[in-house]
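1. Just a sequence and a predicted model for now, questions to come.
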Amino acid sequence: MKKQKKLSVRMTIYCLIFVFLLSTLIGGIGFYTYQTKSVGHFEAYIEAVMSITADEVEPEALHNTLKTGEPGTHLELLQARLDSVKNNSGVEYIYIIARDDQGYYYVVCGYSRTEAEAGDERKQYGDRVTESDIALDMQQHFDAVMDGISEKEYVPNNSDLGYVLTGTVPIITHRGEIIAALGVDIPMEEIKEDLQNYVISVLISVCLAAAIFSVVFIIIIQKSIVSPILALGRHTDGFLKQTEGRPSDMKVEELQITTGDELEQLAGQMNKMMWDMVAYMGDLESVTAIQERINVQLNVASQIQQNMLPCVFPAFPERTEFDIYALMQPAGEVGGDFYDFFMTDGTHLGIVVADVSGDGIPAALFMMMTRTLIKNYACLGLEPARVLYEVNKELCQGNEAGMTVEAFVGLLDVYYGDFLYAVAGENTPLISRADGSFEQITTFPGFLMGMLEKIPFEQGRRKLETGNILVLHTAGIIDHEFALAKTLEDILTQDENSQAHSLQKLLHKTAVVAEDYMVSAGEKQDITLLAVEYRGKRS
């Protein structure tokens, strides 16, 4: 698990970064301003020195000296003037240089009284200016003045005596010809020291301010933000641990935060959320308990429904005239489909498949009543059409829910194969031919039971031959245009042993194919199948 940083630590880091950046910005601006003003002050001083010295130069006389190469009285006077300026002004260097094809050379240099007494080697007229005297980059500034590109130059630079500010102005004759350049160097070590002291002061101030600000900031953040957030986290964790137990045992202890800002608002929302969650989980517990009771009741109802239908096979082991098998697979716990078969007397077999509208317990109850009524009237000896007529009258009485039943009722003479049948709705059973194919029995569609009283139902008749298989089904198995006849034919073709107990295999395989088809279609419905194989009377 990734290690998490504390909020107070992160806020302190952000604070220090902000203080550092702000102090750097302020210090940089102050440094730049201080340096600019200092350099400007020295530039004004150099300009005054250069202006006074340049006034003492006679350009025409200097021009003649440079042309002849022979120093004269004018150069001696100029030497004395530069020495006086150097001795009284505190400049580092003051000199006049000229340029020829070989580069720069000294015309005259000023020396102080101390330097003269020390006996230092003096620059003489014609001595060449070397890189140790003036760096190459500085010579470029002299070139700018000598070439007339710039009227004057002020350049801070490092010389052999330290950090200096060099100022340069051209010496121009009356004809506008630049013949030499006057250079003045002023030491700026003071500025350098002042700047260093300034930087040190800023750093100390920044560190001190950052330390004080960080301590105060951490205390404020810890009290106003971090501590309330930690309290929210602890309170939430404590509440979440209660969810592991029973919802009815959960308790809410409201968190009190009085910061007067969004954290206080968040605490109020958290308290409300916990109360809502307790109420929701309590309701969910009640609903779950109710749902569990309903599921138990549905399971019991499903078991009762299955037990009410004939489910022991072979159903009539003593009868050799026919074989019968049936199955029902409800889509839910309790379905509305049902089947039934029974002997009405010693020679007639009653068969029924029906589908009650809706599903669930109401459909199951209506189905149980419908099954009982059909069997009772059929056992009284009534023919199928009359059975549907009487049952419909019973179902229409007190049917405020408006439930309906689609049913097929048949009566088979097991000795001679006479088959009477009637339909409420549009149920169309299938019967096998001699070649093994299946065809639909012609039926007479009628009204659904439970809609209108005293509705007559048409009755059909069919003669079954030995070996015929009659397959009854409810509407659910053909809701998706399922090819029931083709499925039955394919299964019978694959099953060579189609005599001994083949009806069970036939219906179960058909139900599997039908269920797979419904799943692929995205809708599952009740599957009810009943098959009768007629074998006829045997001696």
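-> Sure thing, it's come through. Computed from a predicted model, the values in this text were never measured in an experiment.

2. Hmm, residue 406 and residue 425 touching each other?
-> Yes. Here residue 425 reaches residue 406: they are 3.2 Å apart, a contact under Cβ atoms under 8 Å. Heads up, the C-betas are built off the backbone N, CA and C, glycines and all.

3. residues in contact with the nearest residue to residue 278 once chain neighbours are set aside?
-> Residue nearest to residue 278 in three dimensions, not counting chain neighbours: residue 250, with 5.0 Å by Cβ to Cβ, 6 or more residues apart in numbering. Residue 250 makes contacts with 239, 242-243, 278, 281-282, as judged by Cβ atoms under 8 Å, 6 or more residues apart in numbering.

4. Next: residue 513.
-> By Cβ under 8 Å, 6+ apart, residue 513 lies in contact with residue 487.

5. Could you pull out the buried residues of the host helix or strand of it?
-> Here residue 513, judged by DSSP states H and E, is contained in helix 502-521. Neighbour-count burial for helix 502-521, counted by 16 or more other Cβ atoms under 10 Å, picks out 502-503, 505-507, 509-511, 513-515, 518.

6. What are the boundaries of the strands in the stretch 401-539 of the chain?
-> With DSSP state E, counting those that start in this stretch as the criterion, the stretch 401-539 of the chain has strands at 405-413, 418-424, 430-432, 438-440, 459-463, 469-473, 527-534.

7. Of those strands, which is nearest residue 189?
-> With Cβ to Cβ as the measure, strand 527-534 is the member of these nearest residue 189 (106.7 Å).

8. That closest one to helix 502-521, inter-axis angle?
-> Put simply, strand 527-534 runs at 150 degrees to helix 502-521, going by axes from the mean of the first three to the mean of the last three Cα atoms, to 10 degrees.

9. Compute the inter-axis angle for strand 527-534 and strand 405-413.
-> Going by the same axes, to 10 degrees, strand 527-534 makes 10 degrees with strand 405-413.

10. just checking, what packs against strand 527-534?
-> Applying 3 or more Cβ pairs under 8 Å, 6 or more residues apart in numbering; DSSP states H and E, we find strand 527-534 packed against strand 322-329, strand 337-343, strand 348-356, strand 469-473, helix 502-521.

11. can you tell which of those is closest to residue 88?
-> Ranking those by proximity to residue 88 (Cβ to Cβ) places helix 502-521 first, at 112.6 Å.

12. so what's residue 298 scoring on pLDDT?
-> On pLDDT, residue 298 comes in at 59.

13. scratch that, residue 192 is what I was asking about
-> The model's pLDDT for residue 192 equals 68.

14. swap in residue 120?
-> 67.

15. Kindly reformat the strands of the stretch 401-539 of the chain as TSV containing distance to residue 374, mean neighbour count and mean pLDDT.
-> Converted to TSV, the strands of the stretch 401-539 of the chain look like this (distance: least, Cβ to Cβ, whole Å; neighbours: other Cβ atoms under 10 Å; pLDDT from 0 to 100):
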stretch	distance to residue 374	mean neighbour count	mean pLDDT
strand 405-413	6	25	96
strand 418-424	10	23	96
strand 430-432	21	20	93
strand 438-440	22	13	92
strand 459-463	15	14	95
strand 469-473	13	24	94
strand 527-534	14	25	93
